[in-house]
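> I would like the atomic coordinates for the input below:
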Amino acid sequence: MKLEQFNEVIKFINTKRKENVNAALVKKFPGIERTTLSSIAAQEMQRKVKKSFHRINAKENAAKVYSSYLSSVKRGESPGILVRKAKEMDYSPAMLAKLILEQYLTANFPDMTVNKSRVNGFLRDTTQIQDRDLGYDVYLCLLEDDVYGPFVDSIKHSIGHEYEFFLRRKLEELNISYYDEDELRLRGYDKTPDVKLEIPIAVDGKVINWIESKASFGDEESHRNYLKDQFWSYWNRFGAGLVIYWFGYIDEVDEHGEKGIMLRDSFPTNITFMDPLSVA
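Prediction:
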């Protein structure tokens, strides 16, 4: 995907905060895969949350948001109060539910230690929230949110494993030997790609020693962070490698192929196998 088209998608997302963004995206951009659009939308929401998190969660502002929620309850508003407020604020429903839950626990249980672990425990099992109406509203937030929350975390984890399994299966079908992350850690490596090839292959004429699977879209920010935190570390340890962004990437970020980090959005087909017994 060209950067220009990516920017069009982002611009459209930012005009649809009170609507079903994913459905609107599919209708607006029929030529782009649904998974690609969903991944872009999720990453854009993550950026918005990061930018506004500290402001919204500042002590005074958090108290105002909680007070507003209590006023809505007192007026007898129907369930889904927090979902509606999250849309008005252009904020993550799950993150708003977490904020309200923290405020509720602090206000009503002075002897309770309200920390991340305890709050996450209530999010994983909303039936443990004593206020039945709040528990239901929190549950609705978790159902509505496709970026944050325990449900989404489980889904992302499963999807990530699914694509890693697909990668390993393709390698095995081609009789390409490899070490996975667990095997590499046993060998003493701290930062490891998903797959380290036992014998390098060549893709489009370029040597590949390792492959990293990313069940996401490769935009400028995420790719830049991955380069800094992961990919260059793999390059330093193992040499040139391949990153597969299964949901696509911005064409313009693919600028390090000659330096040894190749990008693809699917498993490569133009593979040359190296004969370790050949003599130059």
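> alpha carbons only for contacts and neighbour counts from here, please
Fine.
> For the stretch 1-150 of the chain, which segments count as helices?
Defined through DSSP state H, counting those that start in this stretch, the helices belonging to the stretch 1-150 of the chain, from first to last, are 3-13, 21-28, 34-57, 59-74, 81-89, 93-108, 116-124, 132-144, 150-173.
> Of the ones you listed, which is nearest residue 205?
With distances scored as CA to CA, the stretch of the helices of the stretch 1-150 of the chain nearest to residue 205 is helix 150-173 (18.0 Å).
> which intervals of the stretch 151-280 of the chain have sub-threshold pLDDT?
Counting by pLDDT under 70, the stretch 151-280 of the chain shows low-confidence ranges at 275-280.
> could you pull out the strands for it?
Assigned by DSSP state E, counting those that start in this stretch, the stretch 151-280 of the chain shows strands spanning 178-180, 195-203, 206-214, 241-245, 261-264, 271-273.
> Now residue 267: phi and psi?
With angles defined as degrees, to the nearest 10, residue 267 shows backbone torsions of phi -70, psi 130.
> burial count for it?
Taking other CA atoms under 10 Å as the criterion, the count of residues near residue 267 is 17.
> My guess is it contacts residue 242. True?
No. The pair residue 267 and residue 242 fails to qualify as a contact (CA atoms under 8 Å) at a distance of 9.9 Å.
> JSON lines please, covering the helices of the stretch 1-150 of the chain and showing mean neighbour count and distance to residue 255.
Formatted as JSON lines, the entries for those read as follows, by neighbours: other CA atoms under 10 Å; distance: least, CA to CA, whole Å:
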{"stretch": "helix 3-13", "mean neighbour count": "14", "distance to residue 255": "13"}
{"stretch": "helix 21-28", "mean neighbour count": "16", "distance to residue 255": "28"}
{"stretch": "helix 34-57", "mean neighbour count": "17", "distance to residue 255": "20"}
{"stretch": "helix 59-74", "mean neighbour count": "14", "distance to residue 255": "43"}
{"stretch": "helix 81-89", "mean neighbour count": "18", "distance to residue 255": "37"}
{"stretch": "helix 93-108", "mean neighbour count": "20", "distance to residue 255": "35"}
{"stretch": "helix 116-124", "mean neighbour count": "15", "distance to residue 255": "40"}
{"stretch": "helix 132-144", "mean neighbour count": "20", "distance to residue 255": "37"}
{"stretch": "helix 150-173", "mean neighbour count": "14", "distance to residue 255": "23"}
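> can you put these in TSV and add distance to residue 200?
As requested, these are exported to TSV (distance: least, CA to CA, whole Å):
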stretch	distance to residue 200
helix 3-13	32
helix 21-28	39
helix 34-57	30
helix 59-74	54
helix 81-89	49
helix 93-108	44
helix 116-124	43
helix 132-144	44
helix 150-173	12
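> residues touching the residue nearest to residue 100 when sequence neighbours are not counted, list them.
Setting aside the residues directly before and after it, residue 100 is nearest to residue 66 in space (CA to CA, 6 or more residues apart in numbering), at 5.8 Å. Taking CA atoms under 8 Å, 6 or more residues apart in numbering, we find residue 66 in contact with 100, 103, 104.
> Please report the distance of residue 66 from residue 213.
In this structure, residue 66 and residue 213 are 41 Å apart, going by CA to CA, to the nearest Å.
> What of residue 264?
In this structure, residue 264 lies at 10 Å from residue 213, with CA to CA as the measure.
> list residues touching both of these two?
Between them, residue 264 and residue 213 share the neighbouring residues 243, 244, 245, 246, with contact defined by CA under 8 Å, 6+ apart.
> most surrounded residue in those residues?
Each of the shared contacts of residue 264 and residue 213 was scored by neighbours using other CA under 10 Å; the highest score is residue 244's, at 24 neighbours.
> Perfect, that will be all.
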